[in-house]
Structure formats: C-alpha cells, structure tokens
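Participant: could you look at this predicted model? Sequence included:
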Amino acid sequence: MPANTVNPDLQREREKATFKTQEFTYWWVGGKNKYEAKKKLEKMFLDDPELQDDLPISYMSPKELYEHSVRKAVIIANKLRELRAEGEDDVDTYTALFGGALGSALIKEGNPMMLHFVMFVPTIMGQGTTEQQIEWLSKAWDCNILGTYAQTELGHGTFLRGLETRADYDASTQEFVINTPTISAYKWWPGGMGHTSNYAIVVAQLYTKGEFRGLAPFIVQLRDLETHMPMPGIDVGDIGPKIGMKSVNNGYLGLKNVRVPLNNMLMKNQQVLPDGTYVAPKNSVLTYGTMMFVRCALIRDLSQTLAKASTIAMRYSAVRRQSPIDPNEPEPQIIEHTTQQLKVFPQIAKAIVFKITGECIWNMFNNVTGELEQGNMDRLPEMHALSCCLKAITSADSAAAVEVCRLSCGGHGYMDCSNFPTIYGMTTAVCTYEGENTVMLLQTSRYLVKVYAQALNGETLVPTVHYIQDYVKNKQFGKFDCSLEQIVRAFQFVAANKVRIAYERMEKHRKQGREPETAANLVGIELTQAADLHGRAFLAQSAYTELNQLIPKVSPELGAVFKTILELYLIDSCLIRIGDFLRFINLTDSDISKLELRLADCLKRLRPNAVALVDSFDVHDRVLDSALGAADGRVYERIFESAKKNPMNQEPVNKTFHQYLKPFMRANL
C-alpha cells in the first residue's frame with residue numbers, strides 16, 4: 001500500500017459514522033479553544049526534529065536511554081521556559097507534558113524531570129509558607145534547581161507511620177539532622193533522584209526536644225550545584241531496570257547526619273520554632289495534600305491511557321481480517337466478531353467514563369482545597385477516601401483494559417512496535433505508586449465503616465456516601481426493572497451492603513475484645529470489597545448524572561452515541577459483578593437475560609461508530625507510536641518498517657556465526 005494512502009477498510013469505517021467527530025473532539029479536550037491550544041502545543045513539540053527518535057528506544061542500553069531522555073527533557077524544559085516567559089504556559093501545558101499523552105510521545109519511557117514539576121513544585125506550593133514559596137518557587141520554576149519527592153523507603157511504602165528516616169532538631173544550631181539509620185530506611189523509587197535531581201523533598205519522622213512529632217517534609221540538597229557530586233552524607237544512585245518507566249531515573253537515597261537549616265522544613269501546616277517548640281497541624285491529613293492532589297490527577301490521566309490503548313485496538317480490528325464467520329465468505333474484519341467487540345468497545349466506554357469521573361473528582365478536589373484555605377475541613381475525609389479508592393479502581397481497571405486491548409490484537413499486540421508493552425508498563429506502575437491499591441482501598445474502607453456508624457446514629461452524611469444513609473433507613477431494594485437508573489441504585493445498594501457486612505464483622509471482633517487494628521486485618525477482605533464497590537457506585541453515579549446532563553447539550557447524533565456508551569458501561573459493569581448483585585438484590589433469570597441481550601444490542605449500535613469514536617479521541621500518531629494503530633491503517637507495512645530498523649538486520653551475517661555457530665556445526669565433520 002503506498003505511503004500516502006489510507007487502508008480502505010479503515011476509510012469505510014470512518015464513512016459509516018453517524019456523528020461528527022469534531023464535535024466529540026471539542027468536548028473531549030474541553031472546547032474549541034483548548035483544542036486549538038492542544039494543536040499548537042503538539043506542533044511546537046512534535047515537529048521539533050530534536051525530539052524525534054531515529055532509532056526505536058528498545059534497542060538502547062539503560063545508560064543510553066537515560067542520556068537520550070535527559071537530552072530531550074532539557075529541550076522540553078527550555079521550551080517551557082519560553083512559554084512561561086510569554087505567559088502562555090498553564091496547567092494544561094504541564095499536564096500534557098508530564099502526565100498526559102504528549103509527554104509520552106516525546107519521552108516514551110518517562111521524563112526524568114517529571115517529579116520536579118509533578119511533586120517537588122506542588123509540594124512547595126501546598127505545604128510551604130509564603131516566605132518559603134518566595135524563596136524556592138522561583139528557583140524551581142526556572143529549573144535553576146531540579147527536585148524530586150522522597151517519601152517511600154526500601155522497607156516501607158504506603159504505611160507512612162512505618163517510615164524510618166528520622167529528622168532530629170538541634171536547637172543549638174537551629175538545624176535538623178537527618179538520617180536513614182538502616183538499609184530499609186533508604187529512600188527508594190523517587191523519579192529523577194538517581195542522577196538528575198540536585199534537591200529533594202525528604203519526608204521523615206520529626207523529633208524535637210526528644211519527642212516524636214509525626215511526619216514532616218524537608219528540602220534537602222543532594223548534589224553540588226556546580227559539580228553535581230553528592231553532598232557530604234548523601235548516598236544516591238539509580239535503582240536499576242523496571243517493567244516500565246525505564247528512563248525516569250528512579251533513585252535511592254541514604255542520609256548520614258545530613259544537616260539542613262530550620263527553614264528547610266516546609267511549615268505551612270505545622271511548625272518548629274527556633275527553640276524546638278512544636279506547633280501541630282490543625283489536621284494531620286493536611287500533611288498528605290500532595291499525594292491527594294496527584295491521585296486526583298492520575299484518574300484524569302488514565303482516561304488518556306485508555307484512549308490510546310482502545311484507539312490502537314480499534315483501528316487494528318478494522319484492518320485485520322481473519323477467521324471466516326460464514327465459511328462461504330472471505331475472511332471478515334475481526335471487529336465483525338462479537339467477541340472482539342466485547343473486548344474493545346467497553347474499553348472505549350471506560351475511557352469516556354473515567355474522563356467524566358476524573359473531571360468530577362478534580363473539581364471536587366479544587367472545591368475542598370478552597371474550603372481548606374478558609375479553615376473548613378468538613379469534606380476533607382470524604383475527599384481523601386474517594387481519591388484513594390478511585391485511584392485504586394481506575395488504575396487496576398486501566399491496566400486490565402490495556403492487556404485486553406493487547407490480547408485483542410493477537411500476536412502482533414505482543415510486539416514492541418505495537419506500543420502495548422510500554423503502555424502496559426507505564427499503566428501498571430500506577431497500581432503501586434502514590435499508594436499501593438489494596439492499601440488505598442483499606443484507607444477508604446476505614447472511612448466507610450465510620451460513616452456507617454454515623455448513619456446508624458441518625459447523622460446526616462455528605463453527598464458521596466448519602467446512599468448509605470438511604471440504605472440504613474430502608475434495607476429493601478424492591479423490584480429490579482433493568483433501567484439504567486436502577487443499575488446505578490443497585491450499585492449503591494450493593495455497596496451499602498458490603499459496608500454493612502464489613503462494619504458488622506468489625507464490631508463482632510471488637511466486642512470479642514480485639515483491638516481495632518487486629519479486627520481490621522481479620523476483616524480485610526470485606527473492607528476492600530466495600531471500598532471497591534463504593535468507588536464503582538461513584539463511577540456509575542457520575543457517569544449517569546454527567547452524561548445525562550451532557551446529552552441534551554450536544555447534537556442528537558452525538559447524544560445517541562453517548563446514550564449507548566452510558567448503557568454499555570453500566571450494563572457491562574453490572575454483569576461483571578453479577579454475583580454481588582444476586583447476593584443482595586432479587587434478580588431473576590429473566591432480568592439477567594434482559595441485561596445480556598441489551599449488552600449485545602449496545603455492541604451492535606456502537607459498531608458503526610467505533611472507529612469514529614477512537615478517531616475523536618484525537619490521539620496523534622506520535623503519541624500512539626504504534627504500527628497497529630496509526631491513522632492510515634498501514635499495519636503490515638509499518639510492522640515491516642519497524643523490523644527493518646532493528647540493528648540486527650543491518651548486517652547479513654552476525655559475528656556469532658563465525659565465533660560460535662560455525663565451529664559448533666562443523667565440530668563433528
């Protein structure tokens with residue numbers, strides 16, 4: 001197929017569309033103005049020849065990949081300086097480059113400066129005093145210093161109270177003395193810390209006047225600003241190869257009697273006075289504000305990940321022909337197989353629902369942050385609990401969805417040139433960083449158990465858990481009529497029952513004399529199930545509410561597509577967890593049959609618009625970086641072009657033939 005043509009099967013799919021892709025795209029990116037800004041940003045970065053890869057990075061050694069990535073990271077940072085000088089940088093710019101799709105196109109395995117912008121700067125903004133922000137932010141924004149965020153340790157992760165790194169205040173010099181007393185106390189995982197950053201925000205256990213005060217963040221210089229050599233007492237390096245994020249330069253950090261000035265402790269929420277007097281925060285959760293911010297951002301980012309994976313799978317499914325349905329007919333496009341539709345279409349729907357939910361949770365976070373600034377912390381526990389469980393659910397579902405999309409592409413999906421290996425590696429990492437998923441669910445469940453007790457006492461609950469209050473008042477679901485509204489209500493009813501079971505079993509252990517922590521461990525399975533269903537009930541509710549509000553605002557054609565997406569998402573989610581529904585709701589065989597038939601009908605209705613939908617995600621070919629998913633559908637040509645780039649194929653005979661194979665084969669002649 002000529003290089004400037006489009007695969008005819010793919011073109012025919014586009015011609016089947018019943019809605020205008022541009023309308024969907026404007027909604028997806030946030031409006032026409034944001035679309036134009038997105039295109040401008042893509043042109044600025046993707047058209048730069050210095051930011052393109054002549055050789056696929058999979059052929060580079062770890063050292064070569066890091067050096068290659070740092071070179072590109074500096075080019076990106078310089079362009080950001082230009083945009084900032086012109087007043088043209090905004091939140092969307094940083095999101096696109098360090099958390100979104102554009103950044104993955106520029107540095108495929110992750111930017112080694114990412115944590116500087118994603119965690120170092122936001123932590124100073126969120127936890128530093130005004131004076132500290134004035135001192136540090138100008139240096140950080142201009143990249144006169146490069147920072148990272150060092151919290152997780154080799155021996156301790158999400159359980160922050162178990163961190164071993166210790167900061168003791170020395171009032172005689174007004175300095176903190178920071179130590180990692182054991183090998184398990186070494187900071188482990190911070191992006192960019194291996195060889196890129198010269199500063200870090202180090203989270204440590206704080207001691208003043210010999211007393212333990214809790215966790216506190218400290219700005220610590222890691223390397224000399226001129227030579228980049230480690231500072232005295234600093235042991236720092238790269239942790240080595242990983243499944244994904246191979247160029248992020250994740251590092252380790254040991255500290256031995258490292259002294260930092262008093263003012264290097266970020267003190268917006270808690271303070272240490274010069275004489276060592278400790279002023280506690282109004283709420284200990286405020287110390288974890290940066291992580292809550294990142295978790296909320298991750299939910300939005302994961303919708304972009306699903307958009308990429310489903311675009312590749314859908315376009316490949318339109319081009320690939322295999323396995324006759326009718327033995328008298330030629331091989332059909334594999335998307336004609338209903339089983340293939342069930343693999344790919346729900347992932348498209350999840351991308352849309354995760355985007356909607358991501359926007360909801362982001363707006364909620366901003367509102368709660370505004371309330372915190374006014375001293376109102378009423379909704380902080382709710383926000384923390386919701387961000388934890390949604391981070392866990394969306395990351396786990398996204399990792400599973402990427403794998404389903406890969407499998408839907410058969411053997412070709414296993415090839416590096418499909419880009420599924422990299423997408424999966426980057427996605428599955430989210431299941432553990434910023435809070436391991438099981439621990440996140442347990443944090444949410446502790447909140448839910450408390451809320452259930454409040455509901456039993458007749459207290460009024462906040463909106464996202466109000467369904468628990470409804471359940472306590474009326475524990476009968478009634479007849480299930482298979483409507484979308486009832487599916488949402490059923491998710492809430494099932495979630496409330498899961499919370500009830502966790503609460504009752506916790507109470508049983510408590511009455512038997514067990515400590516709360518022991519009881520929580522014994523009921524851990526029930527607790528995580530309750531948190532999971534709570535998050536899925538929120539996803540169902542937000543999808544139902546937001547899409548039904550959106551449908552009247554768009555064209556009838558696009559509205560019909562959104563209606564099908566909503567129906568597909570809710571019914572598919574229900575059927576996947578049908579066991580939980582059957583346990584608590586009186587569903588009949590007829591009810592389940594109706595749901596199954598409606599699911600099949602959704603697939604049928606979505607079929608003509610499937611390619612148009614993924615086109616509407618407007619994912620640039622450089623972002624996809626996939627031989628299977630390019631917009632022109634030249635799948636086989638691109639696979640072959642990728643094979644030709646293999647350095648192994650640049651010589652007809654590899655030296656191992658003469659060194660090993662030939663002597664071996666001729667040894668017995």
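Facilitator: Structure's in. What do you need?

Participant: strands along the stretch 251-400 of the chain, start to end?
Facilitator: Under the criterion DSSP state E, counting those that start in this stretch, the stretch 251-400 of the chain contains strands at 251-255, 258-261, 271-272, 278-279.

Participant: need the residues that contact the third one.
Facilitator: Under the contact criterion Cβ atoms under 8 Å, 6 or more residues apart in numbering, strand 271-272 has outside partners 169, 206, 208, 213, 216, 262, 265, 278-279. Where C-beta positions appear, they are placed from N, C-alpha and C, glycine not excepted.

Participant: most tightly surrounded among the strands of the stretch 251-400 of the chain?
Facilitator: Most buried of the strands of the stretch 251-400 of the chain, by mean neighbour count (mean count of other Cβ atoms under 10 Å): strand 251-255, with a mean of 25.

Participant: partner strands of it and their direction?
Facilitator: Sheet pairing of strand 251-255 (DSSP bridges) gives strand 187-188 (antiparallel), strand 234-238 (antiparallel).

Participant: can you tell me the average pLDDT over that strand?
Facilitator: Model confidence over strand 251-255, given as mean pLDDT, is 98.

Participant: wait, which of the strands paired with strand 251-255 is closest to residue 29?
Facilitator: When these are compared by Cβ to Cβ, strand 234-238 sits nearest residue 29, at 35.9 Å.

Participant: list the buried residues in the closest one.
Facilitator: By neighbour count on 16 or more other Cβ atoms under 10 Å, the buried set for strand 234-238 is 234, 236, 238.

Participant: need the nearest residue in space to the last one, chain neighbours excluded.
Facilitator: This means residue 238. Sequence neighbours aside, residue 194 is the residue nearest to residue 238 in space, at 3.2 Å (criterion: Cβ to Cβ, 6 or more residues apart in numbering).

Participant: and of the contacts of strand 271-272, the nearest to residue 628?
Facilitator: Nearest to residue 628 among those is residue 216, at 48.6 Å by Cβ to Cβ.

Participant: helices and strands of the protein: which one has the lowest mean pLDDT?
Facilitator: One helix or strand of the chain scores below all others by mean pLDDT, DSSP states H and E: helix 91-98, with a mean of 87.

Participant: show me which residues of it are buried.
Facilitator: Neighbour-count burial for helix 91-98 [16+ other Cβ under 10 Å]: 93-98.

Participant: would you mind giving these as JSON lines with distance to residue 589 added?
Facilitator: Putting these into JSON lines (distance: Cβ to Cβ, whole Å) gives the following:
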{"residue": "93", "distance to residue 589": "54"}
{"residue": "94", "distance to residue 589": "52"}
{"residue": "95", "distance to residue 589": "47"}
{"residue": "96", "distance to residue 589": "49"}
{"residue": "97", "distance to residue 589": "52"}
{"residue": "98", "distance to residue 589": "51"}
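
Participant: between these, which sits nearest residue 398?
Facilitator: The nearest one, if we look at the buried residues of helix 91-98 relative to residue 398 and count by Cβ to Cβ, is residue 95, at 17.0 Å.

Participant: look up the pLDDT of the closest residue to that closest one other than its chain neighbours for me, please.
Facilitator: Setting aside the residues directly before and after it, residue 95 is nearest to residue 297 in space (Cβ to Cβ, 6+ apart), at 7.3 Å. We have a pLDDT of 83 for residue 297.

Participant: ok, residue 297 to residue 389 distance?
Facilitator: Computed with Cβ to Cβ, to the nearest Å, the distance linking residue 297 and residue 389 is 16 Å.

Participant: counting neighbours, go ahead and name the busier of the two.
Facilitator: Between residue 297 and residue 389, counted using other Cβ atoms under 10 Å, the more crowded position is residue 389 (29 against 24).

Participant: low-scoring stretches of the stretch 251-400 of the chain, by residue?
Facilitator: Low-confidence segments of the stretch 251-400 of the chain, defined by pLDDT under 70: 283-290.

Participant: how about the helices in it?
Facilitator: In the stretch 251-400 of the chain, the segments counted as helices under DSSP state H, counting those that start in this stretch are 289-319, 338-373, 380-407.

Participant: residue 387 contacts residue 296, doesn't it?
Facilitator: Yes - using Cβ atoms under 8 Å, residue 387 is in contact with residue 296, at 5.3 Å.

Participant: common neighbours of these two, please.
Facilitator: Contact criterion Cβ under 8 Å, 6+ apart; residues shared by residue 387 and residue 296: 361, 365.

Participant: ok, the two, which is more surrounded?
Facilitator: Neighbour count, other Cβ under 10 Å: between residue 387 and residue 296, residue 387 has more, with 29 against 23.
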